[in-house]
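# below are the sequence and a predicted model for it; my questions follow.
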Amino acid sequence: MNIEHITKKLSESHGWQAKYREIMLLGKQLPTLPDALKVDSALVSGCDSKVWLYVDLDESAQQLVLIADSDTRIVKGLLAIIIAAYAGKTPEQANQFNAYELFESLGLIAHLSPSRGNGIRAIVEQIQVKAEILK
């Protein structure tokens, strides 16, 4: 899954129901984290759903590696978009990029509940904090 393909599919989807379906399909493609990784220390605070997020650095490529999971299908789809958006970015690039703005430009934020929007913001903030640490 790359972000260009995802944004193209979402942009070509007419109406919220079609976009919602695409997001749900993305969630099905996101691998499930093993239970051993679903620990409280990996939970993102500020999300109504449970979201486990790991951000690390591939030192040879100097690129972020993100893995994440959620207990709800729609959030798994949103996580798939976020992971694709940050894929291949250095920590510096990640700090200059805001996936929340990508969600706004795709017209997704307007259709999500305020708590889901806040959850996306919390995930993005956590990625940027961890990217800063990994610099």
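Arrived safely.

# what residues of stretch 57-65 count as buried?
For stretch 57-65, the neighbour count (16 or more other Cβ atoms under 10 Å) marks Leu57, Gln63, Leu64 as buried. Glycine gets a C-beta too; all of them are placed from N, C-alpha and C.

# take these and write them to TSV, including pLDDT.
Listed next are the buried residues of stretch 57-65 as TSV, based on pLDDT from 0 to 100:
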residue	pLDDT
Leu57	96
Gln63	96
Leu64	97
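
# in a markdown table, list these along with distance to Ala18.
Output for the buried residues of stretch 57-65, formatted as a markdown table (distance: Cβ to Cβ, whole Å):
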| residue | distance to Ala18 |
| --- | --- |
| Leu57 | 36 |
| Gln63 | 32 |
| Leu64 | 30 |
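
# surely Gln126 touches Leu53?
Yes - using Cβ atoms under 8 Å, Gln126 makes contact with Leu53 at a distance of 6.0 Å.

# which one's more surrounded, these two?
Using other Cβ atoms under 10 Å, the more surrounded residue of Gln126 and Leu53 is Leu53, with 22 against 19.

# let me know the secondary structure of that one.
strand (DSSP: H, G, I helix; E, B strand; the rest coil).
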